[in-house]
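Peer 1: Sharing a model prediction with you, sequence too.
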2 protein chains.
Amino acid sequence: MPVTIRDVAKHLNLSVTTVSRALAGHDDVAESTRQRVIKAAQEMGYVPTHAARQLRRQRTETIGLVFPTLGSRFSDPFFSEFMAGVGDETSRSNYDLLVSVTSPGEPEQTTYQRLVNSRRVDGFILVRMRLDDWRIRYLSQQGVPFASFGRSQTVENNPSIGVDGRAGIQELVRHLVSMGHSRIAFIGAPADLTLSRDRLNGYQDGLDDAGIDFDPNLVLQGNLTRTGGYEATKTLLERKSPPSAIIGINDLTALGSTRAAQESGLIVGRDIAIAGFDGIEASEHSHPPLTTVYQPVYDIGRKVCVMLITQIEGRELPQTHLLLKPKLIVRQSTMDRDLPVHPQNDNSEPETYFPSSLE
Amino acid sequence: MPVTIRDVAKHLNLSVTTVSRALAGHDDVAESTRQRVIKAAQEMGYVPTHAARQLRRQRTETIGLVFPTLGSRFSDPFFSEFMAGVGDETSRSNYDLLVSVTSPGEPEQTTYQRLVNSRRVDGFILVRMRLDDWRIRYLSQQGVPFASFGRSQTVENNPSIGVDGRAGIQELVRHLVSMGHSRIAFIGAPADLTLSRDRLNGYQDGLDDAGIDFDPNLVLQGNLTRTGGYEATKTLLERKSPPSAIIGINDLTALGSTRAAQESGLIVGRDIAIAGFDGIEASEHSHPPLTTVYQPVYDIGRKVCVMLITQIEGRELPQTHLLLKPKLIVRQSTMDRDLPVHPQNDNSEPETYFPSSLE
DNA sequence: ATAAATATCCAAAACGTTTGCGGTAACGTT
DNA sequence: AACGTTACCGCAAACGTTTTGGATATTTAT
């Protein structure tokens, strides 16, 4: 049924070698022959069988992307946007994207081992980097290429793109201080994640800058979900001396926090300030619109993918480590309600901060 | 470097045939030999190369899932949850999930053709069904298995799971009528989608039930995104005789609508009622919590996947078409603000409505 | 004892494509 | 004409695994 290279060769009275080499652009096939082959292959609808190419070339032209689930529901818009970026770049590069969604620990390990051992993908994109990341050691040992969004303390030479969460949160604290807040809480995430440490450090930097003492009672741990933010905020608001501002480690945390505050009868923006990190779409549409530290997730997805494919194909990377500056977007959740509402300004995306080296 | 079946055979002084047949459980290999083979393969870390198996068996054990993008940002939580369900089931069945994110029209067609022609996947899961769906015709003609979430008018024998959006919206209208609303608007989606027609029909059914005349000025088209809902609602609220209730065709539309209403100074729940369809997590965390018609997206993802794999493997399906009843979840966005707030009730998931035939 | 049946292994081919290297015709130089 | 070079094609092997059907030793039945 499907047309094979043998059919094309027979049709043209050529060998399969010649057809293959012609289609691949080898210079030892006459140009006139080549045109004939291309024409016939198109007319006959010939497309190489992926499995055969994979086997012969020892390449799958597939990228692996294993998403972590940290709760029972996987609905983090961050990952959808990231995946869209990755997906667009894999398509552009004639690669495929193989996705798996697993919970950390053994299921995750099993997944990676299965994909590596069966030579299912040419490389991986890693997300949610950990300070000590077993994936890096494992993939390096197996000689499997990978690129990451975020860094780890595990020594590695793999390419990565990070966003300076430390500086971003520091700036956010600065903004809150400038709004008059001095009792600022921070809802974090599991301590093994790099982003947890970085953003907590940024929080502390910001307090230092403002000459505000660090109070450990104002730091709670969430799990990067709305529910985590909601529960931590409930706890904070029950305190004798509740904070007047809350920073959620990511937008989902901050959105959960917003909900808890509103359920307590607080007016977010007037009675309490709440801010997040990511700049997901839901943040700009929330009520009130959420102040956040924006990172261009879609574009990062694309660029990580470029880095990985460049590595897989053995080409040189102009830069192996990129650290992007995020941008603070101030919206109503950290501003007094009486200020005028300018929706157009609130919706603006930041000017891009990418160096042009990956374009 | 990687261990091949030849290495195992040599190690045991057996042929590769015997090793292969032993691992595959063929009954013409002695049990003692089989145990020896299994033990050695494990100790040597042998895992079959996927490409070789694919080529020989003409099977990739991969499911294709092509997500549509209707806007510039792909962040619909609906698809994350669906994909999680699909991903979990593919893992369980020892399949892989190949994901592509493309915009409708030519890019989508190119993607399907590429995946089909290169025999890249064993079958597809289709989402966002259209009344006239070229994908059904194409895949049927190519003899490629597929299962769908939702139905189409295009004749086909493929298995599908649908949710009765017509009945769900009808019930929602009934609820709004019972709250005293008679001027109810409906923000739809592109007319080629099956869900557009079904849910619009449900809206009209509900109006008929209540003896309310259908007013075409109260029906606008969105695009299933927050922005679509936001803009349509802006338009509706500028009317001389604005509606007192708005149904968004999906939760994102309703969330955008909520934002537009709030920006106009309306109190959602008291001044205007807004409701959606899906039951995504963001709806229960919105302010106010959104009334919605709930469908269990994750579980649907899993079940569609079971249907497809059952088909691929040539087994009989107990049922080829399933139509689930959604459940109305009433929250604050359609109730007067003075009513008591019961967060626990608002968070409750509906009892499951699945027939047990797919369990 | 002989013939038939069974258990259990293995050679070879299959899957579809790509690649290295050789064969040979044509062309260019002496 | 003879020799060397180039153009351009094709044979055969490779990739790793699975499957078909045959070979042969052992067991069972007559």
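Peer 2: Thanks, I have the structure now. Quick caveat, the model's predicted, so the values are computed rather than measured.
Peer 1: only C-alpha atoms for contact and neighbour calcs from this point on.
Peer 2: Will do.
Peer 1: Helix or strand: which one has A:F78?
Peer 2: Assigned by DSSP states H and E, A:F78 belongs to helix A:77-92.
Peer 1: in that helix, what's buried?
Peer 2: Within helix A:77-92, the residues scored as buried using 16 or more other CA atoms under 10 Å in any protein chain shown are A:77-91.
Peer 1: ditto for stretch A:240-251
Peer 2: Across stretch A:240-251, burial judged by 16+ other CA under 10 Å covers A:P242, A:P243, A:S244, A:A245, A:I246, A:I247, A:G248, A:I249, A:N250, A:D251.
Peer 1: mind showing which ranges of chain A have poor pLDDT?
Peer 2: Along chain A, segments meeting pLDDT under 70 span A:1, A:70-74, A:337-359.
Peer 1: Looking at the buried residues of stretch A:240-251, which is nearest A:I161?
Peer 2: Distance to A:I161, by CA to CA, is smallest for A:N250 among those, at 17.9 Å.
Peer 1: Spell out, range by range, the strands that occur in chain A.
Peer 2: A:62-68, A:96-102, A:123-126, A:146-149, A:160-163, A:184-188, A:219-221, A:245-248, A:273-278, A:291-294, A:321-324, A:327-329 (DSSP state E).
Peer 1: mind listing what the last one pairs with, with the direction of each?
Peer 2: Partner strands and pairing direction for strand A:327-329 (DSSP bridges) are strand A:291-294 (antiparallel).
Peer 1: Only C-alpha atoms, please: export the strand it pairs with in PDB.
Peer 2: Taking Å, rounded to 0.1, in the frame of the first residue of the first chain, the C-alpha atoms of strand A:291-294 are listed here in PDB:
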ATOM      1  CA  THR A 291       1.400  42.000  39.500                       C
ATOM      2  CA  THR A 292       4.000  39.600  38.200                       C
ATOM      3  CA  VAL A 293       7.500  39.100  37.100                       C
ATOM      4  CA  TYR A 294       7.300  38.200  33.500                       C
END
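Peer 1: Counting neighbours, which bits of that strand end up buried?
Peer 2: Of all the residues in strand A:291-294, those buried under the rule 16+ other CA under 10 Å are A:T291, A:T292, A:V293, A:Y294.
Peer 1: so how far does stretch A:66-77 reach from one end to the other?
Peer 2: Using CA to CA, to the nearest Å, the end-to-end distance of stretch A:66-77 comes out at 16 Å.
Peer 1: interface residues of chain A facing DNA strand C?
Peer 2: Contact residues, chain A versus DNA strand C (CA under 7 Å from any atom of the strand): A:4-6, A:16-18, A:20-21, A:24, A:46-50, A:52-53, A:55-57.
Peer 1: Which ones among those also lie next to chain B?
Peer 2: Counting by CA under 8 Å from any CA of the partner chain, A:Y46, A:V47, A:P48, A:T49, A:H50, A:A52, A:L55 from the residues of chain A next to DNA strand C sit close to chain B.
Peer 1: what about burial for the residues you listed, which qualify?
Peer 2: A:Y46, A:V47, A:P48, A:T49, A:H50, A:A52, A:L55.
Peer 1: Relative to A:H285, how far out is A:Q332?
Peer 2: Taking CA to CA, one finds A:Q332 at 11 Å from A:H285.
Peer 1: Same check on A:K234?
Peer 2: On the measure of CA to CA, A:K234 and A:H285 end up 23 Å apart.
Peer 1: Look at the two and report which has more neighbours.
Peer 2: Taking neighbours as other CA atoms under 10 Å in any protein chain shown, A:K234 and A:H285 compare with A:H285 leading, 23 against 17.
Peer 1: can you list contacts of stretch A:271-283?
Peer 2: The contact list for stretch A:271-283 (CA atoms under 8 Å, 6 or more residues apart in numbering or on different chains) reads A:77-78, A:169, A:176, A:243-255, A:257-258, A:261, A:266, A:268, A:289-297, A:333-335, B:75.
Peer 1: In helices, which of these appear?
Peer 2: Among the contacts of stretch A:271-283, the ones falling in helices (DSSP state H) are A:77-78, A:169, A:176, A:251-255, A:257-258, A:261, A:297.
Peer 1: neighbours around the residue in the stretch 251-359 of chain A positioned nearest to DNA strand C, how many?
Peer 2: Using CA to the nearest atom of the strand, the closest approach of the stretch 251-359 of chain A to DNA strand C is made by A:E313 at 12.5 Å. Neighbourhood size, A:E313 [other CA under 10 Å]: 10.
Peer 1: Centre-most residue in chain A?
Peer 2: Of all residues in chain A, the one closest to the mean position by CA atoms, centre = their mean is A:F82, 4.6 Å from it.
Peer 1: I'd say that residue and A:K303 touch.
Peer 2: No: A:F82 is not in contact with A:K303 according to CA atoms under 8 Å; the separation is 10.3 Å.
Peer 1: which ones are touching A:L55?
Peer 2: So A:L55 contacts B:A51, B:A52, B:L55 (CA under 8 Å, 6+ apart).
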